[in-house]
Each structure stands twice: as C-alpha cells, then as structure tokens.
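> Would you be able to build a 3D model of this:
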Amino acid sequence: MTTLSIWTFATEAGAEAALRPLERRQHQRLLHVDDVAVVAWAADAVRPRTYQAGTAAGTAALSGAFWGLLFGTVFLLPLSRPAAATGAGLAHLGLSDEFLGHARGRVVAGTSALFLLADDAALDPVRDLFADTHTDLLVSTLTRHQKDALTRAFSADTRSTDPTGATR
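Now for the predicted structure:
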C-alpha cells in the first residue's frame, strides 16, 4: 500500500530541519520515499511557504501540479469556500474532507510539515528517525486504484502512453 503521511512540527523550521536526516537516510539507501513536499508557515504570514523537495536522488513521483492542488485545497480554498466542500475533488484519491480538515487544523501559522508519499513500510523507519523530535502524524492509506489514479493524473513523468502501452 501507498501512504500520504503528514509529519507536523511545532515550529516553522521543524520540517526543513527534519528533511536533512530524511535525505541522508535516502542517500544511504536505508529509506525509500517516492516524493516529499515541505510546508513552512511563519507566525506572522497570511499563508504558508510550500515547495516540492522530491527525493534525495532528485526525482519526484508527482508533478508540482498535485502538490499545488493539495496545498491550495488545504490552505487557500477554506478562505473562499465552506470547509466541507473543499476536498471533494481529492476524495477519489484517498484524501477525504476529514483528512484534509485534520491537516488544515494542524498546519497553522508558526508550524511546519513534511508531506511524504511512500510505501507504508516507510512509516516505521521515518517514525524512528523522528523519535527525538516532537511531531504529530496524519496518514492516509491509498488503495492500488487510488495510487494509480493519482499517478495517471499527476505523474512527474510528462511522457504520454497510448492505449497499447507504447510511450510517446
């Protein structure tokens, strides 16, 4: 199974500090994640600063469009639409309104978060890596169908495939 895990930190710099040892573990081949994005929200800012970190190898499973949609849904749309209507477009990808609401409630001004897309086997090694760090965890487990839909819609690989499976 694939998971989207959100590791939240009580400080604006917490996620970026946690990214360094995560990248070291990836370089050492002790940990494999498919994609990473960072959210850091200054205490005096109206909205967070976000970016896709990819992986330590410089690859990313998903395009920036996915992360932009996710972060826009979580952090920007609640300003203009009722909270219950914001995640409707992501529910079929395993990201329910409830999950997005929890993320919205935990990543607020003065905090930060790492968003990891990885096999669920990566959760325990990441949990061990952050054992001495005060962090909270949100996890959404994606079914094979949801992961495939996510990959088709937001793959970082921009090549297209025809119905016979040939890449164009």
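> switch to C-alpha atoms for all contacts and neighbour counts from now on
Fine.
> and Ala17, how far is that from Leu123?
18 Å (CA to CA, to the nearest Å).
> Which one of the two is surrounded by more residues?
Counted by other CA atoms under 10 Å, Ala17 and Leu123 do not tie: Leu123 has more neighbours, with 19 against 11.
> nearest spatial neighbour of Ala109, skipping sequence neighbours?
Nearest residue to Ala109, sequence neighbours excluded (CA to CA, 6 or more residues apart in numbering): Ala43, at 4.6 Å.
> Helix or strand: which one has that neighbour?
Element membership for Ala43, per DSSP states H and E: none, as it lies in no helix or strand.
> Average pLDDT for stretch 153-165, rounded please.
Across stretch 153-165, pLDDT averages out at 57.
> again with stretch 7-24
Mean predicted confidence for stretch 7-24 is 95.
> what do you get for stretch 95-102?
For stretch 95-102, the per-residue pLDDT averages 88.
> what's the longest helix in the chain?
helix 14-27 (DSSP state H).
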